[in-house]
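Peer 1: just a sequence and a predicted model for now, questions to come.
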Amino acid sequence: MKDQVERKTKIAAFVCNWCSYAGADAAGTSRLQYDDGVRIIRFPCTGRIDPLFIIKALEQGVDGVLVSGCHPGDCHYATGNLLARRRFNIFRKLMLFLGLDERRLQFAWVSAAEGAKWTAVVNTVADEIKQLSGEPFTWATPPADGKKAQSLREQIAAIEQAHRVAFQESSIEAQEAAMTQQLRQQAKQLLDASEVNAVLGYTSGTLPQTANSFFALSPDVADQLVWNRYCQTNLAVYLTRPLVRKLGKIAVVVKPCDARAVVGLLQEHQIQRHEVHLIGMVCQGVETGGAMALKCLSCTQRTPTLYDTLIGAGGERPTASSNPLDEIVRLLDNASPEQRWNFWQDEFSRCIRCYACRAVCPFCYCETCITDKHRPQWITPSAQPEGNTAWNIIRAAHLAGRCVGCNECARVCPVNIRLDILNRKIAIEIKNEFDYEAGQSVESAPPLATYRPDDQQEFIR
Ligand code: SF4
Ligand code: SF4
Ligand code: SF4
């Protein structure tokens, strides 16, 4: 006889110890009944709930996650829930952009006295999740159905093609040569005067049309420095590396997008202003695939926000009439959640977990990345669908409000996963919600490290 046992909807409830856990307890002592598919996991504070925990729960087979904590103003750590409110707001938007049905990820404020509210919230959430389907939620689809994502991919390619701009060889080469001379002279001066112990810039790569990172440690090698449209690497990534820190004060060559990363590192107290001399380059854009990089078409900065010495002069740079990356984000926003989910699963399925994206990002400076932790093992180490999905979401979530859009992560990805689209989507949401653009001012607080009492919370029950 066929087994007719009904599958129970599984909901993970992440609750803070002081309010929502006590509220759930109050529901129990009052003998209020709520859905028995819910499992409560207690945290000291909602501020301690990393998006990683939510992803892990979904990956392990729950149908939905409910996060609940103290009402604003009641946090036992004063502001933990207010900081969490911002983080969850952005994380929720990221998940919706990936195609997750919003009913699967819900938030509520429940106090210790609100046993009845806890009961009502849990029952409503359970009912909504049950409406989704009788099937268990499939977190990652192995293997992803690439054909379903094909149409979106073709439309993205069409947008990119429409915005393709080639460099004007004749004018750019003269400009690059002049700037290279100025840069070498500046590097020699700084090293001769012992103002810095090294100049970090670029030198010609071994292959044509490439440039590599280069440390000039003495004036006699300064002539190996170059400046051209192939100087892609965001050199700010080196500033937090222990071996580079041992050099003491160094000068570093920065494009405007690189300078934004330096601003971010200063905001996060990873470097001190007196430790670096910034050689700002007036930027003509960088080249990828024989045309101007997509990020440069929508870039409005020619001069870095922060520098000690400026090299180059003004002049026009072709820019797109509209931001192509924003167009791509809009295209995905307008697709159905299922199309988006397929698209991103297909993207993530290609990840080989090389972590090149992490290695080039100035903001991935943790001594031990979450992906390298084995006890507990939050993200499976090998390249397979569940871990790939978790890694790519967590990378984007941990960089929310910090990413300066240098697009290095997307550029170096050997399998062309569209990390730039994910990064841009979050940057747009951060701008809309908090009127903040990363890397513009050392004085301003990163948006997810602060809060406003009137922050948006209509997504919270
Ligand atoms: S994004 Fe802007 S600053 Fe960065 S390389 Fe392109 S044009 Fe230069
Ligand atoms: S660079 Fe690409 S393939 Fe490598 S870990 Fe990052 S997303 Fe995956
Ligand atoms: S996440 Fe990517 S685009 Fe953003 S700062 Fe890091 S490397 Fe640059």
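Peer 2: Nice, thanks for sending it over. Ligands and ions are numbered 1, 2, ... in the order given.

Peer 1: low-confidence ranges, the stretch 251-400 of the chain, go.
Peer 2: With pLDDT under 70 as the threshold, the stretch 251-400 of the chain has low-confidence stretches at 314-321.

Peer 1: contacts for the helix or strand hosting residue 357?
Peer 2: Assigning secondary structure by DSSP states H and E places residue 357 in helix 356-360. With contact meaning C-beta atoms under 8 Å, 6 or more residues apart in numbering, helix 356-360 is reached by 233-234, 237, 364, 369, 371, 395, 408-414, 417, 419. The way it works is simple: take the backbone N, C-alpha and C, and place the C-beta from them, glycine included.

Peer 1: mind checking which of those residues are in strands?
Peer 2: Assignment to strands by DSSP state E places none of these there.

Peer 1: go back to these and keep what's next to ligand 2.
Peer 2: Among the contacts of helix 356-360, the ones lying close to ligand 2 by the criterion of C-beta under 6 Å from any ligand atom are 413-414, 417.

Peer 1: from those, which would you call buried?
Peer 2: Listed as buried from those are 413, 417; burial here means 16 or more other C-beta atoms under 10 Å.

Peer 1: now the buried members of the contacts of helix 356-360.
Peer 2: When burial is judged by neighbour count using 16+ other C-beta under 10 Å, the buried members of these are 233-234, 237, 364, 369, 371, 395, 408-413, 417, 419.

Peer 1: between those, which is closest to ligand 1?
Peer 2: residue 234 (8.4 Å; C-beta to the nearest ligand atom).

Peer 1: would you mark the buried spots in the longest helix along the chain?
Peer 2: With DSSP state H setting the assignment, residue counts place helix 169-192 as the longest helix in the chain. Buried positions in helix 169-192, judged by neighbour count with 16+ other C-beta under 10 Å: 172, 175-176, 179-180, 182-184, 186-188, 190-191.

Peer 1: what of stretch 46-56?
Peer 2: Using 16+ other C-beta under 10 Å as the test for burial, stretch 46-56 gives 46-47, 49-56.

Peer 1: now the end-to-end length of that stretch.
Peer 2: By C-alpha to C-alpha, to the nearest Å, the extent of stretch 46-56 from end to end equals 16 Å.

Peer 1: what's that stretch in contact with?
Peer 2: Counting by C-beta under 8 Å, 6+ apart, residues outside stretch 46-56 touching it are 14, 16, 41, 43, 65, 67-70, 75, 77, 79-81, 83-84, 87-88, 91, 105, 370, 378-379, 389-390, 393-394, 397-398.

Peer 1: just the ones of those residues in helices?
Peer 2: The subset of the contacts of stretch 46-56 located in helices under the criterion DSSP H comprises 80-81, 83-84, 87-88, 91, 389-390, 393-394, 397-398.

Peer 1: show me which of those residues neighbour ligand 3.
Peer 2: Within the ones in helices among the contacts of stretch 46-56, nothing lies near ligand 3 by C-beta under 6 Å from any ligand atom.

Peer 1: dump the residue contacts of the closest residue to ligand 3 within the stretch 101-250 of the chain.
Peer 2: In the stretch 101-250 of the chain, the residue found nearest to ligand 3 is residue 234; the distance is 6.1 Å by C-beta to the nearest ligand atom. By C-beta under 8 Å, 6+ apart, the contact set of residue 234 is 255, 257-258, 261, 360, 362, 406, 408.

Peer 1: so which of these belong to helices?
Peer 2: For these, membership in helices holds for 257-258, 261, 360, 408, with DSSP H as the criterion.
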